[in-house]
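Asks: This is a predicted model, with the sequence first.
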Amino acid sequence: MALFRVIADNFINAKRTWGMALIDLKKRYSSSALGWFWAIVKPALFVLVYWFGIQVGIRGGAATEDGVPFILWLLAGILPWFFVADTLVICGTSIRSNRHLVTKSVFPAATIPTFVETSFFVTHLLLLTIATAIFAVCGYISLYFVQILYGLVCLYLLMWVVSLLFSALVAVSRDFEYMLKSATQVLFWISPILWNVDRIANYPIIYYIVRLNPIGYVISVYRNAFLGGWFWTDLTGTLCFWVEMVILALVGAFVFKKLEREFADIL
């Protein structure tokens, strides 16, 4: 099965993948004088701009029904989105961006999206540490926080199977690259990051379509971890997420292995 072969490629080359991830991470910030500082500044500005625009500007986010300040509710939900936004396009174009590894060396192509995603995951862990400190100071870290480990697993695996699929498609057609860039903006607004999904409960069709968004599920896990609530209480959402994960993994691995033989010729 294609999925088993992809997993085997990544498992066998795990040490090399980690080394490539560190190289990719260093390369990303090596040309900047402030280096890692930008990994923190960009998300911080993003959060502050949306908080100011919504709470101060249109006064639509004073607090949640539980009394949680809007900026903390926003931070808990937008944190996984930063990782999604970074990896969706860059991991999706990782095969094309690292064509030299495919055409000029014997390198397992299935590990390329993995090491690129892993390098961004290190940055995500840094942001998560800072966010955790903020929530702790505000008194919102409790036993619920243990499920952040589950959220990290869901987030990493989701973006891995997605990047596996799109990296193969982008490698053979640039049209998919342009589609990814457009889809990122659409995904941001249809995911419950700036708004609560319960507000559209009166529109059943739209509500259930939004609930099928796996990114929305990961966001809910993060919010539960920071603000209280257990992910398993949403049994339907959890079941749908993992069914979608299995389907995406099978399709992504099949497409990747099907197109892999064409990479060297096309790139």
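Replies: All right, it came through fine.
Asks: Now do the phi/psi pair for Tyr140.
Replies: Here is the backbone geometry of Tyr140 (degrees, to the nearest 10): phi -110, psi 10.
Asks: For it, which residues are in contact?
Replies: Shown in contact with Tyr140 (CB atoms under 8 Å, 6 or more residues apart in numbering): Val68, Leu72, Phe226, Leu227, Gly228. For the C-beta atoms, the positions are set from N, CA and C on the backbone; glycine is no exception.
Asks: Most neighbours among the residues you listed, which one?
Replies: Greatest neighbour count in the contacts of Tyr140, by other CB atoms under 10 Å, goes to Phe226: 29 neighbours.
Asks: which one is it nearest to, not counting chain neighbours?
Replies: Leaving out its chain neighbours, the residue that sits closest to Phe226 by CB to CB, 6 or more residues apart in numbering is Ala76, at 4.2 Å.
Asks: can you count the residues close to the residue nearest to Arg211 when sequence neighbours are not counted?
Replies: Counting by CB to CB, 6+ apart, Arg211 lies nearest to Gly237, which is 6.2 Å off, once chain neighbours are set aside. Residue neighbour count, defined by other CB under 10 Å, stands at 19 for Gly237.
Asks: what does the model give Gly237 for pLDDT?
Replies: Per-residue pLDDT puts Gly237 at 90.
Asks: thought it was touching Ser220?
Replies: Yes - contact criterion CB atoms under 8 Å: Gly237 and Ser220 qualify, at 6.9 Å.
Asks: Mind listing what's buried along the helix or strand containing Phe121?
Replies: Using DSSP states H and E, Phe121 maps to helix 112-137. Across helix 112-137, burial judged by 16 or more other CB atoms under 10 Å covers 112-121, 123-124, 127-128, 131-132, 135.
Asks: how far away is Tyr222 from Arg261?
Replies: Taking CB to CB, to the nearest Å as the measure, Tyr222 falls 39 Å from Arg261.
Asks: Between these two, tell me which one has more neighbours.
Replies: Tyr222 (25 against 9).
Asks: Tell me the secondary structure at that one.
Replies: Tyr222 carries the three-state label helix when classified by DSSP: H, G, I helix; E, B strand; the rest coil.
Asks: Provide a list of residues in contact with it.
Replies: Under the criterion of CB under 8 Å, 6+ apart, the neighbours of Tyr222 are Ala76, Gly77, Leu79, Pro80, Ile148, Gly151.
Asks: now with 7 Å?
Replies: Contacts for Tyr222 (CB atoms under 7 Å, 6 or more residues apart in numbering) come out as Ala76, Gly77, Leu79, Pro80, Gly151.
Asks: Give me the distance between it and Gly19.
Replies: For Tyr222 relative to Gly19 (CB to CB), the value is 29 Å.
Asks: Could you do Val251 as well?
Replies: For Val251, the distance to Gly19 - CB to CB - is 29 Å.
Asks: Also Arg223?
Replies: Taking CB to CB, one finds Arg223 at 35 Å from Gly19.
Asks: Which residues belonging to the helix or strand harbouring the residue nearest to Arg211 are considered buried?
Replies: Assessed by DSSP H and E, Gly237 sits inside helix 235-266. Within helix 235-266, the residues scored as buried using 16+ other CB under 10 Å are 237-238, 240-241, 244-245, 248-249, 252-257, 259-260, 263.
Asks: neighbour-wise, which of Arg223 and Gly19 wins?
Replies: More neighbours surround Arg223 than the other of Arg223 and Gly19, with 26 against 12 (other CB under 10 Å).
Asks: quick one, what contacts that one?
Replies: With CB under 7 Å, 6+ apart, Arg223 has these contacts: Ala76, Gly77.
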